[in-house]
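Colleague: Dropping a prediction and its sequence here:
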Amino acid sequence: MSDTIFALSSGAPPAAIAVIRISGAKASAALSALAGQLPTPRRPVLAKLRGSDGALLDEALVLWFEGKKTATGEDLAELHCHGGRAVVAAVENALEAMDGLRRAEPGEFTRRAFANGRMDLAEAEGLADLLSAETELQRSSAVAMAGGVFSAQVVDWRGQVLRLSAEVEAALDFSDEDDVSAMRDGFSSDVSALAGDLGIWLERPRAERLGEGYRVVLAGPPNAGKSTLFNALVESEAAITSPTAGTTRDVIERSVAMGGVPFTLVDTAGLRGDADDAVEAEGVERAQQQLTRADLVLWLGDEGLGPDGAWEIESRADDPAHTPKSNPRAVLSAKTGEGVDSLKSALITEARGAMPKPGEAALNARQHGLVSEARAALDGPSSLSDPLLIAEELRNARLAFDRLIGRATTEDMLDALFGRFCIGK
Amino acid sequence: MTTQSNQFDVLVVGGGHAGVEAACGAARMGAGTNLRVGLVSFDLEAVGAMSCNPAIGGLGKGHLVCEVDALDGVIGRAADAGAIHYRMLNRSKGSAVWGPRVQADRVLFKAEVQRIVRGQAGLTLIEGEAAALTVTGERVSGLELADGTVLTAQSVILCTGTFLGGILYRGEEKFTGGRIGENAAHRLAEQLRGAELPMARLKTGTPPRLDGRTIDWAALEEQPSDDEAWTMSALTQSRANPSVFCAITRTTEKAHDAIRANLHRSPLFTGAIDAAGPRYCPSIEDKIHRFGDRDGHQVFLEPEGLNTHYIYPNGISTSLPVDTQLEMLRAMPGLANVTMEVPGYAVEYDHIDPRALTADLQLRSMPGLYCAGQINGTTGYEEAAAQGLVAGLNAAAECLGKEAPKLDRANSYIAVMVDDLTLQGVSEPYRMLTSRAEYRLRLRANNASSRLTALGVEAGCVGEERKAWLDTREEKRDQFAETLNKRILSRELDDAGLPVRRDGGLKPIAEWLRHEGVGLAEMSPWMEDIPLDDPLLVEMAEDAAYAPYLARQEAELRDLRASEELAIPGDFPFGEVPGLSNEMVERLSASKPPTLAAAGRVAGVTPAALSALLVHARRRQEAA
């Protein structure tokens, strides 16, 4: 079968603990060689890890999981080592030197779990997101998805639709046989209630928002302090990569994580030109265009001239000659940094509200599309009188659910499997 | 012995509904060739007998009859020849679930079956008891009769109904049943058991037969035959017989009391029968036991023929003791003085686990041996006939090196049934239901000819008469399509009082037909050039009305066909795929789904397991 693979599965060292996983047929041999023993399955044991020359590498907690029911569906060993760089490197090198073992490729553990029937499609998608998560919020949402929160929800919906279908089918196949009565009065409202439940998920923030970050656009006339504020906001924060970020001639974008929330900050500084009204107007218009893509605009220009819904920012708290805005959302000095932190907290609070809640599974575009399809199908029965067509709409809803978790062996599934996870290799 | 030679290509054992379709279907496939087909029956005079209720068709079952007819089978024509009462079940619902059903005069029905069977070219009738299969290597090579005659054949089709270990029960009485002689049945059954075929037990039952002259018909609600023109077979020109009416009565509290007081004497409750019976057609004692809160169950009193006083009381199949049966009957309205001609009884019998069969109904472990009908765990004439047809066409096709018509879940109920049987097996007698067919909207009883007859012509199982009929019919299709594509302004429809928006624009008639309240009758002023009652036009109008749903199914079918492409070889080691539970491995190994799509339909296979299966099947395919 395939190689035995290993990888550091916790965060990059240095850290308190480093977890190294070994998966595959030779995991038991590797663990025995390293720890001098094969512990009782599923029981953590403290062991001295030694290299092939007998040198002590680390004292670690080791775990041994046998066979099919592990996370990857293969024999699996876990080494909970001390999290220093040197320790991790030494253990990894010792593993790499063993015959038949190699470092895992990115996502390979997930791929094996999927290929070995340990997760359904929605869970696998969550795991793929988890692998690329850079912020805490992205991670916790992906964990929820990978942990099967959404799959469990879909299975529940599917069960409800099956029960409703059974009622219609009974009316279709048995109503002439006397022992089954016609459709129940509350049937229609039950279908509508289920459609409403789907609606709640559809209205939730989407997973893409997590990946792309909460988009904040800084707008205002030249010299209003946009760039200074932009830099103050971006400065101390960890840059992250965003799939849509890019620097254009007109705008500067930076993706950062603030308080664990992914943001994309956009400075319209590129618009700066001669300080005449025409260009200012142009600036506002471009900012307006940005607004259509933005989740929030910070307006640093004259009060009331910003786009609708923008936050009025008083950025010259330090300038006594300046007439302050009468009703600003935030007062700060971009120059001294005073007030920037409280703006940040306000932004984080705002963004958190617009993002999937921590630990809440968020739907990606594919999932959103299929839940929408199911919902459209469930909206059908209220306007239909023929039970045959009601049955067909319920069947369509069920099909959408099947495709969400990969029950239907559809093209979607083949694409997801062989596209995203390269399992065909 | 009526044959000049004992050498055959296809031998069919049994002259019931499955056997008749198998033998005639194989012979039709062989038309113009030297294919030799034989039908072996214990009693040739009994070929075509209706052993239980005198009705053909019903919900889902009517579809099967029309499909067998579309492939030029026997049952539809025989049903029309015998029909004395026509009823379209589910008429108030969408046409895809309408269930054509007729009651047939047993004598007339059988006479027509006999006429067709005896007139079938290439088919030899052999009276005798099938005693044992002859096997050469792994493969079946013929049949030995009880009198010692040996018939050789490339394939044998067993359509033997309940003969395998059949036991009849009535109250405390117990009889060993089956028409075939005890010894012969015993040897054949032993042989099948020896072949390590997975077997299980099922039960079925029949109600008592009543003397119609002792029923107070005037006291009962009458159910007349409908007065429309439809027939079961596309080839039937018009209804042949005078129609009779049925009547409806009900079981009563008093009848239920009688049953309850004697439940302990019913073999179902004494434990004498522990095999599963049909949930869909339970015995009256089962109904009373399971639906205890109901104070009555409908019973249809159906005449068994034009020249008999026998009445079939549909809905009270029973194995209660004779005295209790009579007590129950006499407690029902209109039956106070009824006399019973034959009491009801239950039959318990062995069947083969149909998962041991491939999609052509051939036994995987004994090539050349096909099984069709009740032996595969189904119930009903229609289910039997459809399986007989599949086995007959495939057995003949194999001998001839041809292809049988390609049936799948998207083009026929026949394939839905065969797929269900061979993938899922049975836990109770399998009965066709419309809810079993996921592409139900396109599988209507009235479009069976459009779906299947051309496939049958291509495969070579359709005779000249039907071929000519199809050609004539298809000539009209273009003309009708042209009319249906004629564009009409919404204003015109609104002016005529039809329920459409005045500003709905210019749309083809086909699209207007999708509107609720707009049908062919309403559109008649714009369709004066064509006959509105033409069945083909009616069918095309239904297609138009269902068009948006059918279009959506097309996408689904493309996906399905893609996963039908991924083949799972017969020796695929399901046990080696990680992530499959033992139960799943067991089920998949028993039914050996030939494709990934089929594996996905096996009950209990989870999405995660399916992905694992997909990955491993794909890897094997790529490694090969």
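Modeller: Arrived safely, thanks for sending.

Colleague: C-alpha from now on. contacts and neighbour counts both.
Modeller: OK.

Colleague: where along the stretch 151-300 of chain B do the strands fall?
Modeller: Using DSSP state E, counting those that start in this stretch, the strands of the stretch 151-300 of chain B run over residues B:155-158, B:167-170, B:173-176, B:199-206, B:209-211, B:221-223, B:246-250, B:298-303.

Colleague: Give the other helices and strands that the last one contacts.
Modeller: Other helices and strands packing on strand B:298-303, by 3 or more C-alpha pairs under 8 Å, 6 or more residues apart in numbering or on different chains; DSSP states H and E, are strand B:246-250, strand B:310-314.

Colleague: out of the ones you listed, deepest packed?
Modeller: Neighbour counts (mean count of other C-alpha atoms under 10 Å in any protein chain shown) averaged over each of the helices and strands packed on strand B:298-303 peak at strand B:310-314, with a mean of 23.

Colleague: residues in contact with that strand?
Modeller: Applying C-alpha atoms under 8 Å, 6 or more residues apart in numbering or on different chains, the contact partners of strand B:310-314 are B:53-54, B:207-212, B:299-304, B:341.

Colleague: Check stretch B:468-486 too.
Modeller: If you take C-alpha under 8 Å, 6+ apart as the criterion, stretch B:468-486 is touched by B:235, B:453-454, B:507-510, B:527, B:530, B:536-537, B:540-541.

Colleague: Surely residue A:95 touches residue A:30?
Modeller: Yes: with contact defined as C-alpha atoms under 8 Å, residue A:95 counts as touching residue A:30 (7.1 Å).

Colleague: Would you agree residue A:352 is in contact with residue A:261?
Modeller: Yes: if you go by C-alpha under 8 Å, residue A:352 and residue A:261 touch, sitting 7.0 Å apart.

Colleague: Extract the CA atoms of stretch B:282-295 and return them as CSV.
Modeller: Written as CSV, here are the backbone C-alpha positions of stretch B:282-295 (Å, rounded to 0.1, in the frame of the first residue of the first chain):
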residue,chain,number,x,y,z
PRO,B,282,-51.0,-7.7,5.2
SER,B,283,-53.4,-10.4,6.3
ILE,B,284,-56.6,-9.2,8.1
GLU,B,285,-55.3,-10.6,11.4
ASP,B,286,-52.1,-8.6,10.9
LYS,B,287,-54.2,-5.4,10.2
ILE,B,288,-56.3,-6.0,13.3
HIS,B,289,-53.2,-6.6,15.4
ARG,B,290,-51.2,-3.7,14.1
PHE,B,291,-53.9,-1.1,13.6
GLY,B,292,-55.9,-2.0,16.6
ASP,B,293,-57.5,1.5,16.8
ARG,B,294,-59.3,1.2,13.5
ASP,B,295,-62.9,0.1,13.6
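
Colleague: how far is that stretch from where the chain is centred?
Modeller: 26 Å (C-alpha atoms, centre = their mean, to the nearest Å).

Colleague: got it, and stretch B:197-204?
Modeller: Averaging C-alpha positions (C-alpha atoms, centre = their mean) puts stretch B:197-204 19 Å from its chain's average.

Colleague: Could you list the buried residues of it?
Modeller: Residues B:197, B:199-204 are the ones in stretch B:197-204 that count as buried (16 or more other C-alpha atoms under 10 Å in any protein chain shown).

Colleague: Let's have these in a markdown table, adding distance to chain A.
Modeller: Below are the buried residues of stretch B:197-204 laid out as a markdown table (distance: C-alpha to the nearest C-alpha, whole Å):
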| residue | distance to chain A |
| --- | --- |
| B:197 | 31 |
| B:199 | 29 |
| B:200 | 27 |
| B:201 | 26 |
| B:202 | 22 |
| B:203 | 21 |
| B:204 | 18 |
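
Colleague: hang on, the earlier thing: reformat the helices and strands packed on strand B:298-303 as CSV; add mean pLDDT.
Modeller: Listed next are these as CSV, based on pLDDT from 0 to 100:
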stretch, mean pLDDT
strand B:246-250, 93
strand B:310-314, 94
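
Colleague: what about the longest helix anywhere in chain A, average pLDDT?
Modeller: Among the segments of chain A that qualify as a helix by DSSP state H, the longest is helix A:149-174. Throughout helix A:149-174, pLDDT has a mean value of 86.

Colleague: Which elements pack onto it?
Modeller: Using 3+ C-alpha pairs under 8 Å, 6+ apart: helix A:149-174 touches helix A:121-132, helix A:187-203, helix A:387-405.

Colleague: ok, now how distant is residue B:423 from chain A?
Modeller: Residue B:423 sits 16 Å away from chain A, going by C-alpha to the nearest C-alpha, to the nearest Å.

Colleague: For the most centrally placed residue in chain B, what is the enclosing helix or strand?
Modeller: Note on chain B: the residue nearest the mean C-alpha position is residue B:383, at 2.2 Å, using C-alpha atoms, centre = their mean. Using DSSP states H and E, the element containing residue B:383 is helix B:381-400.

Colleague: Is it possible to mark the buried ones in the contacts of strand B:310-314?
Modeller: B:53-54, B:207-212, B:299-304.
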